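# Here's my sequence, what's the structure:
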Amino acid sequence: MSPAQRRLTRAAPVAADGFVSILTTVDGLRLHIRQRIDPAEQAPAWLLLHGLAVSHRYLMPTAAALPGSVYVPDLPGFGFSGDPAEALTAEQHADFVAAWMDEVHLGPILVLANSFGCQIAVELAIRRPDLVAALILVGPTVDPSAPTSGAQIRRWANDLLREDPRQATMILADLRDAGVRRILRTLKHAVAHHIEHRLPVVAAPIRVLRGQYDPIAPAEWVTRAAALAPAADTAEIPGAAHNAVTTAGALVAAQAVAFAAAVGRLAESPSDDRRMPLTHTTSAAQARRMVEQVLHDWNMTDQTDDVLLVTTELVENLTRHTDGGGELHLQRRPDAVVVEVTDTDPRPPTPRTPSPVVPGGRGLLIVAATARRWGNRPARWAGRAGKIVWAEIARRNHD
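Here you go, the predicted structure:
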């Protein structure tokens, strides 16, 4: 860390290097955001999420090296933000961040996170895919090969031996602000989260980074984490340990900017495949909005009514009959659109003919009547046995 970077980490709440501190209230709780706004920037902005026991401070070397608008909040219970009554889970943190983003009309945004912040970022991308353009995960936790609080503490102690000792003052300030009790309770939430089960549900593109000497997120785990996600790659930050966002901020920012540029180029020409993660709380209306946008992008709006009808039935079957989530997958073909829904129920779907006086139960009959062909095949989702139900809807008008 350079002297200028160290000054930046401890500048808040005073303005420095274009960054200012904003205090707002979200769900009755004080939220501190360190931010730099570029009103002329047209590209997506950046959201940085910190890890366990720390705050915005250690993210500032990376934040300062990023272009455009950058937002670095202190999560509830950390830094200058207010203290909730209980330590929040990754899911609760994600909901809190989403509520703030809705209030300030922010998104879709590029999310860069470190350590426990990666778990929050993944949940944000799953729960609110409309807010996330892409994820850059730096040293994601928790490696399933060290699945306990004790194992994580031992890895953290090992990491301290590899970090720049000039971080000590900053880290001690963060530990003081958070308090040992909150840190330990948040650690319990982190090891209970199982990010390895959540990565397969993320539709946003991901780049997974790790410091060359990071013992908390070893190379084997980072490689596996990227393989679990539908669209992810990996890269290494030379010379850094777990806190690469602090000690190698310029290198992390360069990787993030290069990835954002690649994602942008992909977005310029719509691919023949679009995916959306599903949970048991996903509404058919959310899925329909995604489908309408995709068909518009593909110039295939002649199929909208039929594809929406089939999508509604398949998504509602997932939300009614399974609890493990899944995925909606659209494929473009010259003369058709294929709708696939993956779930965690291995039982094949069986159409039935209910009594005329019984409401519901006709979903698969509707799919069969609307699609040119339909069927199912075995599949696995998030480590569980399941199936894919698919339907092929022919174009009514095409060249």
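# Could you pull out the helices in the stretch 151-300 of the chain for me?
Per DSSP state H, counting those that start in this stretch, the stretch 151-300 of the chain carries helices over the ranges 168-178, 180-193, 195-198, 219-228, 244-247, 249-268, 284-297.
# I'd assumed L112 was in contact with L48.
Yes: counting by C-beta atoms under 8 Å, L112 is a contact partner of L48 at 5.1 Å. All C-beta atoms are positioned from the backbone trio N, CA, C, and that covers glycine.
# residues bridging contact with the two, i.e. touching both?
Taking C-beta atoms under 8 Å, 6 or more residues apart in numbering as the criterion, L48 and L112 both touch T62, V245.
# Tell me, how many residues neighbour the residue lying closest to G324 once chain neighbours are set aside?
Counting by C-beta to C-beta, 6 or more residues apart in numbering, G324 lies nearest to T344, which is 3.2 Å off, once chain neighbours are set aside. Around T344 there are 21 other residues, counting by other C-beta atoms under 10 Å.
# tell me the phi and psi of T344?
phi -110, psi 20 (degrees, to the nearest 10).
# what do you get for G150?
Per-residue torsions, G150: phi -60, psi -40 (degrees, to the nearest 10).
# where in this protein is pLDDT low?
Residues of the chain meeting the criterion pLDDT under 70: 41-43, 265-271, 352-362, 382, 397-399.
# How is it divided into domains?
According to automatic domain parsing, the chain comprises the domains 3-268, 273-394.
# Most tightly packed of those domains?
For the domains of the chain, average neighbour numbers computed from mean count of other C-beta atoms under 10 Å are highest in domain 3-268, which has a mean of 20.
# Save the helices of the stretch 151-300 of the chain as a markdown table, and put in distance to R380 too.
Below are the helices of the stretch 151-300 of the chain laid out as a markdown table (distance: least, C-beta to C-beta, whole Å):
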| stretch | distance to R380 |
| --- | --- |
| helix 168-178 | 38 |
| helix 180-193 | 20 |
| helix 195-198 | 12 |
| helix 219-228 | 11 |
| helix 244-247 | 33 |
| helix 249-268 | 26 |
| helix 284-297 | 22 |
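# these two touch, right, the residue nearest to G324 and A379?
No: the pair T344 / A379 is not scored as a contact, 9.3 Å apart, by C-beta under 8 Å.
# list the residues that contact both of those two?
Shared contacts of T344 and A379, defined by C-beta under 8 Å, 6+ apart, are found at G386.
# quick one: the strands in the stretch 1-150 of the chain?
Using DSSP state E, counting those that start in this stretch, the strands found in the stretch 1-150 of the chain span residues 20-26, 29-36, 46-49, 70-73, 109-114, 132-138.
# Nearest to G325, out of these?
Nearest of the strands of the stretch 1-150 of the chain to G325, taken as C-beta to C-beta: strand 132-138 at 16.7 Å.
# contacting residues for V191?
Contact analysis of V191 by C-beta under 8 Å, 6+ apart lists V142, P147, T148, S149, Q152.
# which one of these is nearest D297?
Using C-beta to C-beta, the contacts of V191 come closest to D297 at V142, 36.6 Å.
# thinking the closest one is in contact with R198, fair?
No: with contact defined as C-beta under 8 Å, V142 does not count as touching R198 (11.4 Å).
# Overlap of the contact sets of these two?
Q119.
# related to what we said a few turns ago, just the closest of the contacts of V191 to D335, please.
Each of these was checked against D335 using C-beta to C-beta; the closest is V142, at 46.3 Å.
# now the closest one: how far from I195?
Relative to I195, V142 is positioned 6 Å away (C-beta to C-beta, to the nearest Å).
# One more: T234?
15 Å.
# now swap in E316 and tell me
For E316, the distance to I195 (C-beta to C-beta) stands at 28 Å.
# try D159
According to C-beta to C-beta, D159 and I195 sit 18 Å apart.
# Verify the stated contact: M290 with L328.
Yes: counting by C-beta under 8 Å, M290 touches L328, with 7.3 Å between them.
# Would you mind listing the residues touching both of those two?
Jointly contacting M290 and L328 under the rule C-beta under 8 Å, 6+ apart are M276.
# ok, back up a step: what's the distance between the residue nearest to G324 and W221?
In terms of C-beta to C-beta, T344 sits 24 Å off from W221.
# cool, and D302?
Relative to W221, D302 is positioned 46 Å away (C-beta to C-beta).
# ok, now M60?
Applying C-beta to C-beta to M60 and W221 gives a distance of 27 Å.
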